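Asks: Turn this into a structure:
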Amino acid sequence: MVKYNCLNPIAPIGLNLFTEKYEKIESLESADAVLVRSASMLDLNLPENLKAIARAGAGVNNIPLDKCAEKGIVVFNTPGANANGVKELVIAGLMLASRDIVGGINWVQSIREDENVAKLVEKGKSKFAGKEILGKKFGVIGLGAIGVLVANAAKRLGMEVYGCDPYISVEHAWNLSRDIISVKTKEDIYKECDYITVHVPLLDDTKKMINKDTIAMMKDGVVILNFARDLLVNDEDMEEALKSGKVAKYVTDFPNAKTAGMEGVIAIPHLGASTEESEDNCAVMAVKEIKDYMEYGIIKNSVNYPDCDAGVCASGKRITINHKNIPNMLSQFTGTVSAENINISNLINKSKGDYAYTVLDIEGNVTDTIIKKLNDITGVLKVRVI
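Replies: Numbering: from 1, shown residues only. Model (predicted):
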């Protein structure tokens with residue numbers, strides 16, 4: 001029986017994929033797997049029995065990745081599952097920034113009890129006039145699952161779209177419209193575009209990437225959209241740019257104490273992935289990742305271990321080993337198994353940074369002696385038998 005714990009509510013359409021081999025429990029202490037959305041795991045004590053964490057969403061800043069890797073815990077996310085929901089909100093943000101729709105709606109509410117509302121509207125509507133996006137230059141920084149959808153949608157709306165991502169995957173490149181203008185650096189987008197949206201992860205080199213220096217490169221009256229991560233933007237520098245008019249509008253899906261009341265900011269309450277469809281898609285993908293790993297040792301969409309698909313075990317048993325990516329590990333694994341006069345029918349080894357993952361399909365039973373010897377090898381973090 002595989003025991004799993006949910007740190008946040010997970011859509012039933014996903015949880016219903018678990019079979020009778022799985023049991024939902026309320027305590028983290030005895031869990032084999034964890035499903036999480038936004039709950040912070042940074043300060044939690046991770047039990048030794050924990051084998052996998054699936055984040056129903058893309059961001060993993062709430063999970064201690066290095067700590068998990070060191071304990072042999074594989075962390076998954078669900079890239080692309082909420083991409084359409086975020087894309088639609090980015091396009092909505094684009095419209096909200098171009099036309100003062102919010103200001104107009106609020107104004108109508110302020111005069112709603114006046115019997116001459118219709119006349120007042122016709123007289124006062126000019127205060128909320130805006131610009132059309134047709135033909136405007138739109139820069140997309142980061143062409144992952146969301147960035148590609150945003151770029152393609154903006155192009156279909158008649159914008160001149162520029163895209164930048166030196167690390168774009170083959171899959172995402174195939175999905176990107178050929179009409180998107182590819183540029184080599186972010187600076188090209190900063191200098192060229194009327195609207196700029198960022199879709200990159202929060203890393204050391206992307207933290208506060210939108211700051212006074214990069215804003216200085218941009219056109220006067222630029223509109224900036226952030227539906228990726230709060231800390232990609234330096235809020236103090238953004239406030240100064242809004243006051244000076246250098247930035248016309250800043251649309252963010254991550255309100256904080258600074259930006260919530262900032263003049264010129266359209267603050268959306270983190271609604272990017274808050275659609276029924278996105279939550280369902282994330283839940284289904286997260287549960288499938290847990291099942292594949294627990295039942296077959298398959299790793300797909302991990303952020304701290306390499307992807308590894310060994311298929312279905314065609315021999316007696318499968319041993320999976322999470323370990324450090326250091327020399328001489330494979331020879332020790334195979335030597336340990338061979339010493340027990342057991343044949344290895346299939347072997348796969350993958351690595352990612354400081355960590356690696358090995359799958360051994362063996363012909364015969366796995367003895368306690370083999371497991372103990374494998375666990376005793378320096379650099380081995382977790383051994384499982386499937």
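
Asks: Could you use CA atoms for every contact and neighbour count after this?
Replies: OK.

Asks: pull the CA atoms of whichever strand or helix holds Ala154 into CSV?
Replies: Under the criterion of DSSP states H and E, Ala154 resides in helix 145-156. C-alpha atoms of helix 145-156 as CSV (Å, rounded to 0.1, in the frame of the first residue of the first chain):
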residue,chain,number,x,y,z
ALA,A,145,5.0,26.2,-22.4
ILE,A,146,3.3,29.5,-21.4
GLY,A,147,5.5,31.9,-23.3
VAL,A,148,4.9,30.1,-26.6
LEU,A,149,1.2,30.2,-26.2
VAL,A,150,1.3,33.9,-25.3
ALA,A,151,3.5,34.7,-28.3
ASN,A,152,1.3,32.8,-30.7
ALA,A,153,-1.9,34.4,-29.3
ALA,A,154,-0.5,37.9,-29.5
LYS,A,155,0.5,37.3,-33.1
ARG,A,156,-3.0,36.2,-33.9
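
Asks: what does the helix or strand that that helix is followed by rub up against?
Replies: The helix or strand immediately downstream of helix 145-156 is strand 160-164, counting by DSSP H and E. Strand 160-164 has contacts (C-alpha atoms under 8 Å, 6 or more residues apart in numbering) with 135-143, 151, 154-155, 179-186, 189, 193.

Asks: Could you give the number of residues near Tyr250?
Replies: Neighbour count for Tyr250, taken as other C-alpha atoms under 10 Å: 24.

Asks: on that earlier part again, from the middle of its chain, how far away would the helix holding Ala154 be?
Replies: Relative to its parent chain, helix 145-156 has a centroid offset of 17 Å by C-alpha atoms, centre = their mean, to the nearest Å.

Asks: Packing partners of that helix?
Replies: Judged by 3 or more C-alpha pairs under 8 Å, 6 or more residues apart in numbering; DSSP states H and E, the packing partners of helix 145-156 are helix 83-98, strand 137-141, strand 160-164, helix 170-175.

Asks: List the buried residues in that helix.
Replies: Judged by neighbour count (16 or more other C-alpha atoms under 10 Å), helix 145-156 contains these buried residues: 145-155.

Asks: can you check stretch 102-113 too?
Replies: Using 16+ other C-alpha under 10 Å as the test for burial, stretch 102-113 gives 104, 108.

Asks: any idea of the mean pLDDT in that stretch?
Replies: Mean pLDDT, stretch 102-113: 96.

Asks: Let's see the pLDDT reported for Arg55.
Replies: For Arg55, pLDDT reads 98.

Asks: Could I get the contacting residues of it?
Replies: Shown in contact with Arg55 (C-alpha under 8 Å, 6+ apart): 35-37, 75-78, 286.

Asks: Same check on Leu202?
Replies: Counting by C-alpha under 8 Å, 6+ apart, Leu202 has contacts 229, 231-232.

Asks: Check which helix or strand it maps to.
Replies: When elements are assigned from DSSP H and E, Leu202 belongs to no helix and no strand.

Asks: Do a quick rundown of the helices in the stretch 251-386 of the chain.
Replies: In the stretch 251-386 of the chain, helices defined by DSSP state H, counting those that start in this stretch lie at 276-296, 329-338, 368-376, listed in chain order.

Asks: Just tell me which of these ends up closest to Met41.
Replies: For Met41, the closest of the helices of the stretch 251-386 of the chain is helix 276-296, at 16.7 Å, according to C-alpha to C-alpha.

Asks: From the contact counts, what lies against that closest one?
Replies: Against helix 276-296 (3+ C-alpha pairs under 8 Å, 6+ apart) you get helix 12-15, strand 33-36, strand 52-55, helix 83-98.

Asks: Highest mean neighbour count out of these?
Replies: strand 52-55 (a mean of 26; mean count of other C-alpha atoms under 10 Å).

Asks: That one: how far from the chain's middle?
Replies: Strand 52-55 sits 13 Å away from the centroid of its parent chain (C-alpha atoms, centre = their mean).

Asks: ok, back up a step: export the helices and strands packed on helix 145-156 as a markdown table, with columns for mean pLDDT and distance to His323.
Replies: As requested, the helices and strands packed on helix 145-156 are exported to a markdown table (pLDDT from 0 to 100; distance: least, C-alpha to C-alpha, whole Å):
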| stretch | mean pLDDT | distance to His323 |
| --- | --- | --- |
| helix 83-98 | 98 | 33 |
| strand 137-141 | 99 | 35 |
| strand 160-164 | 98 | 35 |
| helix 170-175 | 91 | 29 |
